[in-house]
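J.: what follows is a predicted protein model with its sequence.
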Amino acid sequence: MTAYRHLAINEVEDVAVVHFRNRRIVEDLNIQELGQELFQLVETDQRKKLVLNFSSVDFLSSAALGKLITLDKKVKAHNGALKLCCIRPEIFEVFKITKLDRLFDIRKDEADALAAF
């Protein structure tokens with residue numbers, strides 16, 4: 001399996017649980033690299049079930065949201081499923097304002113996200 005700079009991946013049965021190494025996902029270069037790593041999980045590593053755990057993320061820029069939307073499309077194109085969990089209330093508010101809470105399957109915690117598969 002590939003080494004990732006911005007992500008920590010745990011295997012839970014056939015689900016890749018992704019934790020973010022950066023607390024603030026705001027810098028353009030980091031967001032580009034993060035996007036490539038997330039896309040690689042789907043396109044290269046052939047992961048069909050992903051849980052993105054945001055428990056360590058304090059801030060997320062709009063550019064990062066764009067990467068998540070692209071990731072969702074890629075996962076669906078590979079007949080996979082994407083779940084998000086452990087999103088802080090202030091970040092979840094951004095998902096609500098942008099109506100992305102309707103696009104993404106957002107769960108309260110990791111156990112709930114895993115159970116949803």
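T.: Arrived safely.
J.: could you check which helix or strand contains the residue positioned nearest the centre of the chain?
T.: Closest to where the C-alpha atoms of the chain average out (CA atoms, centre = their mean) is residue 52, at 3.6 Å. Applying DSSP states H and E as the criterion places residue 52 in strand 49-53.
J.: which outside residues touch that strand?
T.: Defining contact as CB atoms under 8 Å, 6 or more residues apart in numbering, one finds that strand 49-53 is touched by 12, 14-20, 41-42, 68, 71, 75, 80-86, 110, 113-114, 117. Every C-beta, even on glycine, is put in place using the N, C-alpha and C of the backbone.
J.: helices or strands up against the helix or strand following it?
T.: Remark: after strand 49-53, the chain's next helix or strand is strand 59-60, criterion DSSP H and E. Taking 3 or more CB pairs under 8 Å, 6 or more residues apart in numbering; DSSP states H and E as contact, the helices and strands that strand 59-60 lies on are strand 24-25, helix 89-97.
J.: now strand 59-60, how far from the centre of its chain.
T.: Counting by CA atoms, centre = their mean, to the nearest Å, strand 59-60 is centred 12 Å from the centre of its parent chain.
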